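J.: compute the structure for the input listed below.
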Amino acid sequence: MAIETILAQTFQEVAKVPRSAEIEAGIVLAVLGFTMTFIILSILTVSIKLMSVAVTKYVKWKESRKKPVEVVEAAAEVPTAPAPTPVAPAAPAAELEVPPEIIAAAIAGVRAYMEEKLGKRKRRERIAPVNYWVLAWRLESGFNLNDLDYLAWNKSRKPRW
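T.: Numbering: from 1, shown residues only. The predicted structure follows:
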């Protein structure tokens, strides 16, 4: 009994810390935490900035080491022109007759293309848009639960002890 009472008294004496000491310790810890956070963040910021400067200098150094491509121009040979020979005027070529329907179709096609490229006309989609809700419903409705192999599905569940 005597040992228990002695231990209880010593623990009570050790546990008696004045409230002002607790407040001072809390303030010291708060200031220490703030300064350490500030120091760590400033070190990270400076190191990131130094790395970016180093990378920029390295890239510039790599670009300066590239050999410039030399453009070599070949000496232009002056062709000697033969003496002009008199040419008889040629007969006019037979003109191809294009029906006005083909011309109108070409103009309409070019106009539709230009309107589409300039954004005045919406693009026509060749494939109808997919309604994913309906697609999921159709997939699930065609799913047979009897096809499930429980052992194959359950292979990933291995005992880990």
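
J.: please go through this structure and pick out the longest helix.
T.: What stands out as the longest helix in the chain, according to DSSP state H, is helix 19-65.

J.: just checking, next helix/strand downstream of that helix?
T.: helix 100-117 (DSSP states H and E).

J.: now that next one: mean pLDDT?
T.: Average pLDDT, helix 100-117: 86.

J.: and the longest helix of the chain, how far out from the chain middle?
T.: On the basis of CA atoms, centre = their mean, to the nearest Å, helix 19-65 sits 28 Å off its chain's mean C-alpha point.

J.: from residue 127, how far out is residue 53?
T.: 51 Å (CB to CB, to the nearest Å). Yep, even glycine has a C-beta here, placed from its N, CA and C like the rest.

J.: who has more neighbours, these two?
T.: Legend: neighbour count by other CB atoms under 10 Å for residue 53 and residue 127, higher for residue 53 (10 against 5).

J.: lowest-confidence helix or strand of the chain?
T.: Lowest on mean pLDDT, DSSP states H and E among the helices and strands of the chain sits helix 150-153, with a mean of 54.

J.: at the geometric centre of the protein, which residue do we find?
T.: Among the residues of the chain, the one closest to the centroid is residue 52, at 20.3 Å (CA atoms, centre = their mean).

J.: distance of that residue relative to residue 19?
T.: Distance check for residue 52 against residue 19: by CB to CB, it reads 50 Å.

J.: residue 102 too?
T.: Counting by CB to CB, the gap from residue 102 to residue 19 is 100 Å.

J.: what of residue 45?
T.: In this view, residue 45 and residue 19 are 39 Å apart by CB to CB.

J.: the more surrounded of those two?
T.: residue 45 (10 against 7).

J.: average pLDDT across stretch 21-35?
T.: For stretch 21-35, mean pLDDT is 93.

J.: show me the contacts for residue 40.
T.: The contact partners of residue 40, by CB atoms under 8 Å, 6 or more residues apart in numbering, come to none.

J.: find me the pLDDT at it, would you?
T.: Looking at residue 40, its pLDDT stands at 96.

J.: again, but for residue 123
T.: 64.

J.: swap in the one 4 residues further on?
T.: Looking at residue 127, its pLDDT reads 71.

J.: since that was my last question, I'll sign off now.
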